[in-house]
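Colleague: okay, sequence plus prediction incoming.
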2 protein chains.
Amino acid sequence: MTAKASSDSAREIPEATVARLPVYLRALVTLSDAGTETCSSEELATAAGVNSAKLRKDLSYLGSYGTRGVGYDVDYLRYQIAREIGVTQDWPVVIVGIGNLGHALANYSGFRSRGFRVVALLDADPERHQEVVAGVDVRPFDDLEQIVAEQGVAIGVIATPAVAAQDVANRMVAAGIRSILNFAPVVLAVPDDVDVRKVDLSIELQILAYHEQRKANAS
Amino acid sequence: MTAKASSDSAREIPEATVARLPVYLRALVTLSDAGTETCSSEELATAAGVNSAKLRKDLSYLGSYGTRGVGYDVDYLRYQIAREIGVTQDWPVVIVGIGNLGHALANYSGFRSRGFRVVALLDADPERHQEVVAGVDVRPFDDLEQIVAEQGVAIGVIATPAVAAQDVANRMVAAGIRSILNFAPVVLAVPDDVDVRKVDLSIELQILAYHEQRKANAS
DNA sequence: TCTGGTTTGTTCGCACGTTCACAAAGTGCT
DNA sequence: AGCACTTTGTGAACGTGCGAACAAACCAGA
């Protein structure tokens, strides 16, 4: 952060706020689809499941897009948040590992509708290379570098078994991918300039189990 | 929290720590499988991808399970964490919505190995009721109440489309489920005593996109 | 134009989470 | 036993995030 960014929206947005922006965006899309033109911070906060003060503070990091005494213009705010997140542009994505989870991800409509385009499905297993999933055919993992270079892929999704995940990550990084979404239950080691986000299904269940156990003990 | 809990491990564990305990547990299992009997906080922290000071502070909430000058006994610590989380006991789970994601979840081996037992797969679509997924047959959603009562289900997983999620949640709550893992992209409204954890695949991608966009702008 | 009502944007105090740094407590060698 | 070395557990400083409260800004009606 030594070099001062000078582009239009170069304010420093807290990580906690960034994580909530997609939630606000989703709520705004729902409101827009319902024909709502204007909403207050209170309404939007309720729809997003947060406190209205927190919502206003979050939005204030992006700029002053509301009107006092009135509220926010739904479509305008929606566009501003989408632009800030970056989902107004097209993001080519590769998915590696076409097991059950890979299938689910490839078919997930929530990706395409938010600017993410699955350009390739890769798997190391030759038996899968004949398959066509969600209109994209499965290709050998060794095609990774070529696809990344040709399609300008910046985001990779790992849906392989745990043992393969680190190797896949290494290859992705070497191919130039700097953002990885990891579904494999391992801690990936990557260079500092690579972003990794981890989604672990069993960890979420374990957190629920902890609270459930405490509820049971408290009776 | 008015009544003071008096059971053995009634210390107040911070939420951030609870979220990391499953990560430590996984690292310990890996170490144990590799034949390691003892490890230092530094080693375990590296394996879990966190700072060693944070790890020690986290573990200190559970008790003093280490030995100064030596480190932690892998199997002993593993058991203590598992007990604290609650995965030493059996947790019956129901999954509602057997689409692509529901399939993936039903087949996920990480559940069973951590004390979670999928006792039922439910779907509203009659066409699916003939299927058998992961050794469990798909049953009508209306069987929910009966299954919850008979099997003592405490945790429910929602893998339905967004429009159906709130209805499913309502039925789950009415049936007595107090912990819900929600994969549908909606904010669920539930009573205060019900825990909901949300996993949203597209939100994770959007967060990555935000950072990726900033990297690109900073060049 | 002025007044009353509404809603945003922001300031402030507080609680939570993270990291540093070190005393306390152990091991092993002489 | 005593000493050097290792590692845990924790107190204290620091930074971040949250929520309440309020002033600034806007609309509407007279």
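Modeller: Alright, I've got the coordinates.

Colleague: so which residues on chain A come close to DNA strand C?
Modeller: Within reach of DNA strand C by Cβ under 7 Å from any atom of the strand, chain A has these residues: A:39-42, A:52-53, A:56-57, A:59-60, A:64-72. Every residue, glycine included, has its C-beta placed from N, CA and C.

Colleague: out of those residues, which are buried?
Modeller: Those of the residues of chain A next to DNA strand C that meet the buried threshold are A:39, A:41, A:56, A:59, A:66, A:71-72, by 16 or more other Cβ atoms under 10 Å in any protein chain shown.

Colleague: these in helices, which ones?
Modeller: A:41, A:56, A:59 (DSSP state H).

Colleague: now the last one: closest residue in space that isn't a chain neighbour?
Modeller: In this case it means A:Leu59. Counting by Cβ to Cβ, 6 or more residues apart in numbering or on different chains, A:Leu59 lies nearest to A:Tyr65, which is 6.5 Å off, once chain neighbours are set aside.

Colleague: which phi and psi does that neighbour have?
Modeller: phi -100, psi 0 (degrees, to the nearest 10).

Colleague: centre-most residue in chain A?
Modeller: Centroid-nearest residue in chain A: A:Leu181, 7.9 Å away (criterion: Cα atoms, centre = their mean).

Colleague: next one: that residue from B:Leu205, what distance?
Modeller: 6 Å (Cβ to Cβ, to the nearest Å).

Colleague: identify the contacts common to the two.
Modeller: Counting by Cβ atoms under 8 Å, 6 or more residues apart in numbering or on different chains, the common neighbours of A:Leu181 and B:Leu205 are A:155, A:157.

Colleague: picking up where we left off before, next structured bit after the one helix or strand the residue nearest to the centre of chain A maps to?
Modeller: Taking DSSP states H and E as the criterion, A:Leu181 maps to strand A:179-182. Using DSSP H and E, the helix or strand that directly follows strand A:179-182 along the chain is strand A:195-198.

Colleague: about what we covered before: okay, now the sheet partners of the strand holding A:Leu181, with direction.
Modeller: Its sheet considered, strand A:179-182 pairs with strand A:155-158 (parallel), strand A:195-198 (parallel) by DSSP bridges.

Colleague: just put those in a markdown table and tack on mean pLDDT and mean neighbour count.
Modeller: As requested, the strands paired with strand A:179-182 are exported to a markdown table (pLDDT from 0 to 100; neighbours: other Cβ atoms under 10 Å in any protein chain shown):
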| stretch | mean pLDDT | mean neighbour count |
| --- | --- | --- |
| strand A:155-158 | 98 | 26 |
| strand A:195-198 | 98 | 18 |
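
Colleague: what's the closest of those to B:Ala164?
Modeller: Of all the strands paired with strand A:179-182, it is strand A:155-158 that lies closest to B:Ala164, at 25.6 Å by Cβ to Cβ.

Colleague: report the distance from that closest one to the chain centre.
Modeller: Averaged C-alpha coordinates place strand A:155-158 at 10 Å from its chain's average position (Cα atoms, centre = their mean, to the nearest Å).

Colleague: same thing with stretch A:81-99?
Modeller: So, by Cα atoms, centre = their mean, the centroid of stretch A:81-99 is 7 Å from its chain's centroid.

Colleague: gap between the two ends of it?
Modeller: 34 Å (Cα to Cα, to the nearest Å).

Colleague: in it, what counts as buried?
Modeller: Buried, per 16+ other Cβ under 10 Å, within stretch A:81-99: A:81-82, A:84-87, A:91-99.

Colleague: okay, now A:Ala19: neighbour count?
Modeller: As a burial measure, A:Ala19 scores 15 neighbours (other Cβ atoms under 10 Å in any protein chain shown).

Colleague: just checking, what packs against the helix or strand harbouring A:Val173?
Modeller: Assessed by DSSP H and E, A:Val173 sits inside helix A:162-175. Under the contact criterion of 3 or more Cβ pairs under 8 Å, 6 or more residues apart in numbering or on different chains; DSSP states H and E, helix A:162-175 touches helix A:144-151, strand A:155-158, strand A:179-182.

Colleague: list the contacts for A:Ala164?
Modeller: A:97, A:124, A:184.

Colleague: try 10 Å
Modeller: Contacts for A:Ala164 were tallied using Cβ atoms under 10 Å, 6 or more residues apart in numbering or on different chains; they are A:96-97, A:124, A:141, A:158, A:184, A:186.

Colleague: before we move on, the earlier item: tabulate the strands paired with strand A:179-182 in CSV, adding columns for distance to A:Ala216.
Modeller: What follows is the strands paired with strand A:179-182, written out as CSV (distance: least, Cβ to Cβ, whole Å):
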stretch, distance to A:Ala216
strand A:155-158, 36
strand A:195-198, 29
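
Colleague: so which of these is nearest A:Ala149?
Modeller: strand A:155-158 (13.3 Å).

Colleague: with just CA atoms, put that closest one into PDB.
Modeller: Extracted C-alpha coordinates of strand A:155-158, given in PDB (Å, rounded to 0.1, in the frame of the first residue of the first chain):
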ATOM      1  CA  ILE A 155     -10.000 -17.000 -10.900                       C
ATOM      2  CA  GLY A 156      -9.600 -20.700 -10.200                       C
ATOM      3  CA  VAL A 157     -11.900 -23.000  -8.300                       C
ATOM      4  CA  ILE A 158     -10.600 -26.100  -6.700                       C
END
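
Colleague: following the worst-scoring helix or strand of chain A on mean pLDDT, which helix or strand comes up?
Modeller: Using mean pLDDT, DSSP states H and E, helix A:109-112 stands out as the lowest-scoring helix or strand of chain A, at a mean of 90. Sequence-wise, the next helix or strand downstream of helix A:109-112 (DSSP H and E) is strand A:116-123.
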